[in-house]
Structure formats: C-alpha cells, structure tokens
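> Quick one: sequence and predicted model below, then my questions.
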Amino acid sequence: MSTTGISELPASSPLTLRLHEWVTTVDHKRIGLLYIFFAMVFLIIGGIEATIMRLQLIRPNNDLVSPQVFNQMFTMHGTTMIFFVAMPLVFGFANYLVPLMIGARDMAFPRLNAFSFWMTALGGLLLYFSFLGGNGLYGGGGAPDVGWFAYAPLTAKTFSVGHSTDYWTLSLLVSGIGSVGTAVNLIATILCMRCPGMTLGRMPLLAWLNLTMAGLVILAISPLTAAQLMLLIDRYLGGHFFDTQAGGSAVIWMHFFWVFGHPEVYVLVIPAFAFASEIIPVFSRKAIFGYPVMVMATVAIGFISMSVWAHHMFTVGMTSGANTFFVLSTMAIAVPTGIKIFNWLATMWGGKICFATPMLFCVAFLFQFLIAGLTGVTLAVAPFDWQLSGSYYLVAHFHYVIVGAILFAAFAAFYYWFPKASGKLYSEPLGKLHFWLFLIGFHLTFDFMHIPGLLGMPRRIYTYEPGRGWDIWNLIVTIGVFFQAAGILVFGANLILSYFRGKTAGHDPWDAWTLEWSTTSPPPAYNFAVIPTVRSRRPLWDLKHPEDPDWRYE
C-alpha cells in the first residue's frame, strides 16, 4: 500500500510493452509483418474449411456435414482466401519492401497505413463473428452461405434470413476501405518518396508492379463497394436493385461483382509477378531480360484487365456482340502475360542458376502459371465456357492461378526475404521438403480436378451419386489436400525454428543488388542512416562491383 492508501499499479511487463508497440506502430515494416501474420492465420482457417469440403466429397453419398454447413464452408473459404489471405499477403510484402527498395524511410502516410491494416483486420473479424451472431444474438450462429460471389437472389431477405449476409457485406465494406487506403499510400510513396537518382526508369520492378496493382485496387474496389451498399439498401431500406420480382436485375449484381472480381485476380497476381521478377535474376546471376518491356507489359495488363470481366457471364444470355468483345479482350490479355513468361525464361537462359528454395518455387510458379493461362484461354472461348463454366474444370483453373501461381510466388518471397526481416537464415532442407510436399499435393489436387469437371461434375455440389466416373478423381483430389497441409506444417516449423535457432544471415546473404540489402537485417526503424543515391537499376551491385560496367543501366 502507498502512503495515500491507494494501491500502486504494477509496472507494465516487457511483454505488455512489446504488444503495445506492435498494436500502436506506424512503422511500415511492422505493419507489413502484421499483414503477413494476419494472412497466415486466415490461411490456416481457410485451409481447414477447404479440407472439410474435400472430406465431404471424398466419396459418393457422404454425410460428414449437412448441406447448409457445406455451403457455409464454401462461402467462408472463398471469401477468406481472397479478401483475408491473398490481399493482406500482397499488401504486407508491399508495405515491408517498397520503402526499402526505393530508398525511403517510411510510407508516405504512416498513420493511414496503420489505419488501413486495422480496417482490414476488423473486416476479417466481422466476417467470422457471423459464426456467433449470424442469426441474431438469440438465434445461434450462422455463417453466410450465399457463396463468396453472393449472387442475387440468394442474398435477398426472403432467402437469406438473419444477419449472416449482413456480416459478409459489412466485412467486405470495411476491409475495402483498408484496401483503398493502402493503395493510395503505395501510389503516393512510389511516386513521391523515391531516393535521389531513382527515376521511374531505374525503379525495381517490384515497385513498378505494385504501383500498377495499387491503381487496379482503387478502380476495382469501388464498384464492389457500390454493390455492397446497394445490397444493404435492398435488405433494409426497401430498395429493389437486385430484386427481380420488383423490377430489379440479378444480372446487374453479377456485372458489379465481376467488374471487381476479374481485375482482383490481377491485383493478386501482379505482385506475384513482382516477386518472380526480383528473385529469378538474383538466382540466375543475370539482370532481368527486357526491363522496359516488362514494365509496358504490366501496364498493359492493368488496362486490359478492366475490360474482361464478363467472360464470367457467358452463360447468362448476353448479346453476341458482348460475347465477342469479351472473348477478344480475354484472349488479348494473354499477349502481355506471355511476354512476361518469355522474359523470365530469357533471364534464366544462359544464367548460373542456383536452385535454392526461393528459385524452386519460382520455377514451379512459371510452369503452373503457364498452365493456368492456357486453361484460361480455353474458357475464353464462349461455347467451350458454356459447357464448363459451372463445372469443376473452372474451379481447377481458378486454383491454378490462386495457389499454383500466387501462393507459390508468395512462398518464394517468404524464403527470399526471410533473412532480411528476421536476420536469420532458414533451413534449406526443410524449405525443399516444404516445396516437394506442396508441389505434389498441389498437382494431385488441381491437376486431377480438371477431369471430373470435363466429365460433368458441377461445382458447388454437396454430394453425388456413385457410378458417374467421379469417385476415383475426388479421392485423389482429397488425398492431395493432405500433402499440401503437410507442406504448410513444414513451412511453419521452418520459419519458427529458423527465427529462434537459425544462423545469422548477415546484411546480404544472396549477394543481391537492390537497396533493401544495403541496410542491416532486420532493418532499423529509420531504414537508412543516410538516404542513398542511385545511379543505375542495380545500385548495390554497382557498389560491390565498380569494375564491372556491363551491369550498369544508366
């Protein structure tokens, strides 16, 4: 007791102080790590939901879960993976790396940066609170079951009773605010915060590609936000935007959703391109082939991606003119994408390739993204799409993009920049074990998923009758999920063990050439004691090899 008779408050523990520092931080590196940690937590949750669905489909006439629970898992898995795994993951890497790579001390608007992250986190929590309050405080839990695309009339009050759809809508509205805030911040940082000498023509490709991604976020999130507001008006204020029985149009919702949905694919895959564009040259010991063409191809993808959305809607009865336009635009976007693949291959050609774990994931990314692009072009053919748009063939194609391209490139980025963020080297044997387990699991699942789709198995199906030719393929697909889960466990163990017991990495373990490797590992709060000045696209290489003029790009 104190002399005043009032108990003195105990001093805050070191753990409490450290937690307070992370919660209140405006440091771009910590916010980037918070984004990545948030994404990893939701990756585990979304993976569990996917596993439940695959176990339900492992054999015909299975009754592991009810149809309603299956629809809830389907909705929550899709929403979680796109909005609360993939987007926070690419935002996290962008937050952490962009200021370091352009020689800045922080993002342009540090407080907006922190606000954007916490809005995204709040959106994820709102979505999962539906498990507790989706049917009202006294009605028990009820997660949304309208699909991650929430087509009308499934979202109408008469179909979606309770508040689960409202939680879905509000979670995406709130997280959308965070996404737009991050995009604005990235654009301002890249255009206004570059160090002396770093012209646009000398920027690392990761900065260029994230600039394009941020522009797409602003363009794509806006129609989704408008659609969510209209849905709330329909549900609570007597609106009829999507109510077909009162003069509304369910197809309008599809247009609003997919004018967001397809550019969103490029919002996610362009940062994957950025990771490959930084990692492949380092492990090939060659500068990127065709830097100006890579930049132009990226900008072209950004423009064309805003005009391809209705290839998701070939089956709704659009006019032949509209179908033709979207067939041509969808095929056209394959051209700049193909240019990128050729540039990466040309970078590797003749190089001294080192197949460390980041490079292994990049090589797999190249192959799998090529396959994803080819199956995407087949779906761009309207008559072919008419047959397969509602089948598991489309599910396999979509996951080839999201998992085979984006997640593989993200794993490459994890291993490549882990020494920079932690100051420790990861375990190479565990990294390669993770790669092979996940590669085998991915191909078991998504290669063989094409086959039941071609045999007519519809997506969003809860169960099926035996004797349709789907049984063995669903069994193989589900077995692949367990290989992927084992790979994720090895990945998590590698990061944790390496962080606590790994060897010291040093400032530049890869002998790289971009500015983030010129500062300490992990970087200090201020990034650079003296703001660097650059004279080429490979500033760190210039410092280490002043005698080698062939690497200079003035």
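Done, it's in.

> Please save the CA atoms from stretch 346-356 in PDB.
This file holds the C-alpha atoms of stretch 346-356, laid out as PDB (Å, rounded to 0.1, in the frame of the first residue of the first chain):
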ATOM      1  CA  ALA A 346      15.200 -15.400 -71.200                       C
ATOM      2  CA  THR A 347      16.600 -14.200 -67.900                       C
ATOM      3  CA  MET A 348      17.200 -17.800 -66.800                       C
ATOM      4  CA  TRP A 349      18.700 -18.800 -70.200                       C
ATOM      5  CA  GLY A 350      22.400 -19.000 -70.000                       C
ATOM      6  CA  GLY A 351      22.500 -17.900 -66.400                       C
ATOM      7  CA  LYS A 352      24.300 -19.600 -63.500                       C
ATOM      8  CA  ILE A 353      21.100 -20.800 -61.900                       C
ATOM      9  CA  CYS A 354      21.200 -21.700 -58.200                       C
ATOM     10  CA  PHE A 355      18.200 -23.900 -57.200                       C
ATOM     11  CA  ALA A 356      17.800 -22.600 -53.700                       C
END
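
> Can you give the contact residues for that stretch?
For stretch 346-356, contacts defined as CB atoms under 8 Å, 6 or more residues apart in numbering pick out 280-281, 283-290, 359, 363, 415, 428, 431. The C-beta positions use only the backbone N, C-alpha and C, and glycine is treated the same way.

> Just the mean pLDDT for the biggest helix by length in the chain, thanks.
Ranked by residue count and defined by DSSP state H, the top helix of the chain is helix 250-284. Mean per-residue pLDDT for helix 250-284: 95.

> Following it in sequence, what is the next regular element?
Following helix 250-284 in sequence order, the next helix or strand is helix 291-304 (DSSP states H and E).

> tell me which residues in that following helix are buried?
Neighbour-count burial for helix 291-304, counted by 16 or more other CB atoms under 10 Å, picks out 291, 294, 295, 297, 298, 299, 300, 301, 302, 304.

> what's the answer for stretch 510-517, then?
In stretch 510-517, counting by 16+ other CB under 10 Å, buried: 510, 512, 513, 514, 515, 516, 517.

> What confidence value was assigned to residue 188?
97.

> Same check on residue 552?
Reading off the confidence values, residue 552 has pLDDT 44.

> mean confidence score for whatever helix or strand residue 114 lives in?
Residue 114 is part of helix 110-133, with elements assigned from DSSP H and E. In this model, helix 110-133 has an average pLDDT of 94.

> Tell me which other helices or strands it touches.
Using 3 or more CB pairs under 8 Å, 6 or more residues apart in numbering; DSSP states H and E as the contact criterion, the elements in contact with helix 110-133 are helix 28-56, helix 67-81, helix 87-101, helix 164-192.

> try 7 Å this time
Helix 110-133 sits against helix 28-56, helix 164-192, with contacts defined as 3 or more CB pairs under 7 Å, 6 or more residues apart in numbering; DSSP states H and E.

> Can you get me a residue count around the closest residue to residue 175 other than its chain neighbours?
Excluding the flanking residues, the one nearest residue 175 by CB to CB, 6 or more residues apart in numbering is residue 123, at 2.9 Å. For residue 123, the neighbour count with other CB atoms under 10 Å is 22.

> do the same with the one 3 residues further on
Close neighbours of residue 126, defined as other CB under 10 Å, add up to 19.

> For the remainder of this discussion, apply numbering that starts at 43.
Done: numbering now begins at 43, and the last item shifts to residue 168.

> Please name the nearest non-neighbouring residue to it.
residue 213 (4.1 Å).

> Could you check how far the one you found is from residue 84?
12 Å (CB to CB, to the nearest Å).

> Compare the two and say which one has the larger neighbour count.
More crowded of residue 213 and residue 84, by other CB under 10 Å: residue 213, with 25 against 22.

> Check that one and give its pLDDT.
Reading off the model, residue 213 has pLDDT 96.

> Pretty sure it sits against residue 171.
No - Residue 213 lies out of contact with residue 171 (CB atoms under 7 Å); the separation is 8.6 Å.
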